[in-house]
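> Pasting the sequence and the predicted coordinates here, then a few questions.
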Amino acid sequence: MGLTFKKMMRRPRTTTAKVVENSTDSDLSTILISDEDSDEWTPAEPKLKAPTTTAGAPAVPGEKKAAPKRTAKPKEPKAPKQPKPPKEPKVPKPRAPRKTAAERKTQASKVVKVSRTSVLAGTKRKNIDEGNDDKAAENKEEKHTDCGPSTKMKKERVSFIVSEANQADMWAGEGSSLAGLIAKKEEVEDFTFDEPCLKKQKTGGAFLGQPSALPSSTANALMNELNMNWDFIEVLSTLTCVERWVCVNIIRLLREENTVPFMVRYRKDMINHMDADAVRDVQLVYEELGTLSKKTQSVIQTLKKDGVLTVELEQNLRSCRSADQLDHVYSPYKKGSKLTKARRAKALGLEDAASLLMNTPHTLDLRTWVKPGTEGLSSVEEVSTGVEHILADLIAKDPETLAYVKTLCENSFVTIQSSVSKSALKEKEQKSVQDHTKPGTKQNKKMDIDKFHLYVDFTSNIQRIQPHQTLAINRGESLKILTVKVNIPDRVKNEFTRWCIDNRWKPKTFAREEHWAIVRSAIDDSYKRLILPFLTRNYRTKLSSAAEKESIAMFVSNLRRCLLVGPVRGCVILGVDPGFRHGCKLAVLSPTGQIIHTDVVYLHNSGQQREVDKLRHLMMTYSCTNVVIGNGTACRETESVFADLISRRCFHPLDVSYCITSEAGASIYSVSPEAVKELPDMDPNLRSAVSIGRRVQDPMAELVKIDPKHIGIGTYQHDVSAGALKVALDGVVQECVSFVGVDINICSETLMRHVAGLNVGRAKSIAEWREQNGPFNNREQLKLVKGMGPKTYQQCAGFIRINPQTLHSAKSSPHPVPEKPAAKKSKGKTCVNIPTSFNPLDQTCIHPESYHVAERFLSLVGGSADQIGSAGMRQCVESKVRTSSVEELAKTVDSTPETLKLIIDGLAQPPGFDIRQSFGKAVFKRGIVSMSDLRVGAVLTGQVDNATLFGAFVDIGVGRSGLIHKSKITLDKLPASERRRSLALGPGQRVEVRVLNVDPQRGRIGLDLIRVLQ
């Protein structure tokens, strides 16, 4: 029953677009995507004011302090649920009513179309392929009842996909520990689902026994906090396309302060086997809705204070489901803005006249409203104009009217158009006249305009425009180089006017012609002055929000691949930070990453032979056969020197090879407080060489020290919300570090911070405890650490390892133990009896809450904890699983199948197992190829440097990355596990490519994907 770990990507997109080039703001990441890498523009990166998303704690959005109180309440009802309530949900297992879920899904999809919101414009894309896969997945469920949980998961966006196809061969193979399974606590709670479901909940016949509502106390507290006119759970389910019961469970887990990695691994049945990205999407929408609610309450209080709040206005505000809708309703009443035309008319008392016009027009005589000498009422024409403004305002804010006009737009050809702005054209003309004045400035400005040449006359259907095109247009507009407008066809206006006159805004009784003229004029004015700008803003906001989410998703995918690149261990490595004037900085690192020696050699100045001899002596002294060169300044020249030395056998008898790695962020890290604390007496330039070498030895441990924004991955990072990007990147770092696991006795304090449940303060406390008391003997000793409460321990314990080898080596090394550890422990911790012996289960992914189940299973198979990871243990487990199914064994040991699968996986994995061993490692080479050697049609192998929204850049070893356009990445060229995903390529992947075109002058290489190398 070994589980296979596979790589993950985002969901699919079905449309293609022109190639757009990316530029990053960091001067250290320019090698990934330079200005010459494609035909797209790469302008400067101003900060664009995009819609921001809330980066709050997972507890109640907007009220962080209320979270602990909320967690206490759900935990109280758990006690009465302990005497075997799980059997209740198991009884109605083949639930027929689940069939009706499919019908509810079709209704939900219609609701999504009508009530799409700006904050959630990107969520619709999740279900592109689901319709095609539902039937196949259901058939698969019937056939695989024993090992279905892994194989049935949807593959659009799965972070960590597991498979149980290869049973006997995969015991020591790729790690399924990432995927994680349910812990014993699921039995105690009232959620037991034996049949797993597809990751995306849009499928009809999903699960059995799922709760339909939150506990009454929690539900009431949630509704009281929100105080909106809509069902929070229903809206969340509709907007995220996740089933209601899953949303209920996710909210419950978030309110109990559970982390996403913990939920994904140990509460998998409660979240319907969703991956970390999907759970974070639900969390994000949950927080956005909470923020919307909080903002609505604030607006209501403001309007009440100003004395303009009416019952109808309050209901309209509480019915808003997006920030755009709220702003549309609230904008006329904002303090800073001048009175709208409608409010001025209402202040003159014309609201009753407008009401009469719509309800009983035969009784309306506009002449009776005339008041000579009063501005706005001095004539019949002014009275008519005032009534018209009030009607226009009513029309523009009517939900039914807005829904109808949006439906018309959806069925019409709405386009977005960009062109060069008048100011940019004027500037360009002035610059061309002043040819010799400030040539540098002229060239820079001209270059900025030229970068947008694809968008100087650009038109696209609003439904087909690509995310990178939206971001490009937004950037051009923010630089005042482009002007952008949304074109809504006249047919929409004509249909809208006809519908209003014939249906919604038709006077209820007979109206004279002058009254009809007011109604027609009001409808026309409402559309042009109020509704059209609202629709334009709505479209732009939705497009920008969706593009932001795609860009952030690409960042997340690329960062995940970078962090999960396989480490290169067991060899001495020479890290090289290349340079010209200041020389090449060298750092010799031991197999464990310890610094053995640092030096500087000047390989590009006079006296090169002397420096080469110095380099050769250094490598021979420390038997260094692997060289890691940073890809910054002088990289190509330094690579040429090493390739020449290797070809001349200068390092004989050593078999030396080298690789190129990204040094993005290394310079920033070298002067950071973390680097100063870690390497206090070292020159910052040498710190960069150390960082470059360690990036190959253990990429994750080194990259977590650097702000993810500086790693040089993704696209348009300065055109998206900084807060949303930070939350997403921090989340994926926590996910990767937790799923890989950390050896608590040797990992750095920086790495510890990113374990689920830990933070800067708790990681510091663990490091201090380790320094004062020596290595941790078991996970239980974590409870002795200051600040480690029950919840924190629950969240982090499963991701922390106690490796017996490092434990013994730490104990054997001299370690000063102070005489006051007892005093430290006495701070509220002395009453707890903590064992000091080593527990073999602490080296596995099994959570301590399931240890009693693991012990029962070990006694059942006739094994012992000391045999964990051995061949004998694997044989015992294999034979037992062959004779009895996992479900039967789970009943025997009084557990759930999901928990037992995780236990089986943890017992079978060899000691020191690392899920990253199944990923590609850095590729070392011995020769160099130049761009002039490339020929069209040549077949090469390379490594993906960066994935963008328009394609993937591949390092083929010529000093310039080539571009595989997204149109060349087709399903037939991808492995089955990588299909039906957005781009299916990411940093670190090995690919075989064919050269399509070479442009040496502009430094551009076009590539075609042949296949992905496994």
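Arrived safely. Numbering: from 1, shown residues only.
> So C624 is in contact with G575, correct?
No - the pair C624 / G575 is not scored as a contact, 10.2 Å apart, by CB atoms under 8 Å. (C-beta placed from N, C-alpha, C; glycine too.)
> Report the distance from stretch 555-572 to the chain centre.
Offset of stretch 555-572 from its chain centre (CA atoms, centre = their mean, to the nearest Å): 18 Å.
> likewise stretch 1007-1014?
Chain-centre distance of stretch 1007-1014: 26 Å, with CA atoms, centre = their mean.
> and it, which residues are buried?
Judged by neighbour count (16 or more other CB atoms under 10 Å), stretch 1007-1014 contains these buried residues: L1007, D1008, L1009, V1012.
> Among the residues you listed, which ones are in strands?
Among these, the ones falling in strands (DSSP state E) are L1007, D1008, L1009, V1012.
> In JSON lines, list those residues along with distance to K973.
Supplementary listing: these in JSON lines, determined by distance: CB to CB, whole Å:
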{"residue": "L1007", "distance to K973": "12"}
{"residue": "D1008", "distance to K973": "9"}
{"residue": "L1009", "distance to K973": "5"}
{"residue": "V1012", "distance to K973": "7"}
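> Just name the closest of these to P361, please.
Among those, L1009 lies closest to P361 (CB to CB), at 68.1 Å.
> P790 and C796, how far apart?
The gap separating P790 from C796 is 11 Å, by CB to CB, to the nearest Å.
> try V720
Applying CB to CB to V720 and C796 gives a distance of 30 Å.
> Settle it for me: which of these two has more neighbours?
Neighbours were counted for V720 and for C796 using other CB atoms under 10 Å; V720 has more, 29 against 26.
> Test my guess that the more buried one contacts M554.
No - applying CB under 8 Å, one finds V720 not in contact with M554, separated by 10.3 Å.
> can you pull the contacts of the most far-flung residue of the chain relative to its centre?
Here the centre of the chain is the reference, and by CA atoms, centre = their mean the most remote residue is P372, at 63.7 Å. Shown in contact with P372 (CB atoms under 8 Å, 6 or more residues apart in numbering): S378.
> Helix, strand or coil: sort out it for me.
Classification of P372 using DSSP: H, G, I helix; E, B strand; the rest coil returns coil.
> sorry, back to before: comparing C624 and G575, which shows the higher neighbour count?
Remark: of C624 and G575, G575 carries more neighbours, 30 against 21, as counted by other CB under 10 Å.
> Residue ranges in the stretch 401-550 of the chain under the pLDDT threshold?
432-447 (pLDDT under 70).
> Show me where it has its helices.
422-433, 439-451, 467-478, 490-499, 513-525, 532-563 (DSSP state H, counting those that start in this stretch).
> May I have the residues that are in contact with the closest residue to T415 other than its chain neighbours?
Nearest residue to T415 in three dimensions, chain neighbours excluded: N487, at 4.7 Å (CB to CB, 6 or more residues apart in numbering). Neighbour list for N487: V414, T415, I416, Q417, T459 [criterion: CB under 8 Å, 6+ apart].
> for the record, mean pLDDT for the helix or strand V991 falls within?
Element membership for V991, per DSSP states H and E: strand 990-999. The pLDDT scores in strand 990-999 average 86.
> so where's the stretch 901-1014 of the chain uncertain?
Ranges of the stretch 901-1014 of the chain meeting pLDDT under 70: 925-929, 976-984, 1014.
> quick one: buried residues of stretch 376-389?
Result for stretch 376-389 [16+ other CB under 10 Å]: buried residues G376, L377, E382, V383, S384, T385, G386, V387, E388, H389.
> I meant stretch 781-793, not that one.
Buried residues in stretch 781-793 (16+ other CB under 10 Å): Q781, L782, L784, V785, K786, M788, K791, T792, Y793.
> Among the residues you listed, which lie within helices?
Among those, the members found in helices (DSSP state H) are K791, T792, Y793.
> Rebuild the residues you listed as CSV, extending it with pLDDT.
Shown next, in CSV, are those (pLDDT from 0 to 100):
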residue, pLDDT
K791, 93
T792, 94
Y793, 94
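> Return the member of those nearest to P840.
Y793 (19.4 Å).
> my read: that closest one touches Q781, true?
No - between Y793 and Q781 there is no contact under CB under 8 Å: 10.7 Å.
> R882 belongs to a helix?
Yes - counting by three-state DSSP, R882 falls inside a helix.
> any idea how far it is from V279?
Distance of R882 to V279, given as CB to CB: 34 Å.
> Which residue of these two possesses the greater neighbour count?
V279 (27 against 11).
> partners of the closest residue to T536 other than its chain neighbours in the sheet?
The shortest distance from T536 to any non-neighbouring residue, by CB to CB, 6+ apart, is to V486 (4.5 Å). Using DSSP bridges, the bridge partners assigned to V486 are I416.
> Just give me the neighbour total for V486.
19.
> That one contacts F413, correct?
No - proximity of V486 to F413 does not meet the contact threshold set by CB under 8 Å, at 11.9 Å.
> any idea how far whatever helix or strand K901 lives in is from the chain center?
Using DSSP H and E, K901 sits in helix 897-908. Here helix 897-908 is found 28 Å from its chain centre; the criterion is CA atoms, centre = their mean.
> And that helix, what's buried?
P897, E898, T899, L900, K901, L902, I903, I904, D905, G906, L907, A908.
> again, but for stretch 536-554
536, 538-554.
> that's a helix at V588, yeah?
No - read with three-state DSSP, V588 is strand and lies in no helix.
> can you tell me how far it sits from N229?
V588 is 67 Å from N229, by CB to CB.
> neighbour count winner among the two?
When neighbours are counted by other CB under 10 Å, V588 comes out ahead of the other of V588 and N229, with 23 against 14.
> contacting residues for the more buried one?
Neighbours of V588 in contact, by CB under 8 Å, 6+ apart: V572, I573, L574, G575, I595, I596, H597, T598, L618, Y622, C624.
> out of those, which are buried?
V572, I573, L574, G575, I595, T598, L618, Y622, C624.
> Next one: G761 relative to V785, how far apart?
Taking CB to CB, one finds G761 at 11 Å from V785.
> Apart from its chain neighbours, what residue comes closest to E382?
Nearest non-adjacent residue to E382, counting by CB to CB, 6+ apart: G376, 5.4 Å away.
> Contact partners for the one you found?
When the contact criterion is CB under 8 Å, 6+ apart, the partners of G376 are R344, A345, L348, E382, V383, G386.
> for it, phi and psi?
Main-chain dihedrals, G376, degrees, to the nearest 10: phi 100, psi -10.
> Against F919, how distant is it?
Counting by CB to CB, the gap from G376 to F919 is 72 Å.
> what's the answer for G988, then?
In terms of CB to CB, G988 sits 7 Å off from F919.
> what sits in contact with each of those two?
Common neighbours of G988 and F919 (CB under 8 Å, 6+ apart) are L564, V565.
> So if I had to pick from these two, which one is more boxed in?
Taking neighbours as other CB under 10 Å, G988 and F919 compare with G988 leading, 22 against 19.
> The residue lying closest to L530 once chain neighbours are set aside: what's it in contact with?
Nearest residue to L530, sequence neighbours excluded (CB to CB, 6+ apart): A396, at 3.7 Å. Contact analysis of A396 by CB under 8 Å, 6+ apart lists L402, S526, L530, I531, F534.
> which residues touch the first one?
Taking CB under 8 Å, 6+ apart, we find L402 in contact with A396, I531, F534.
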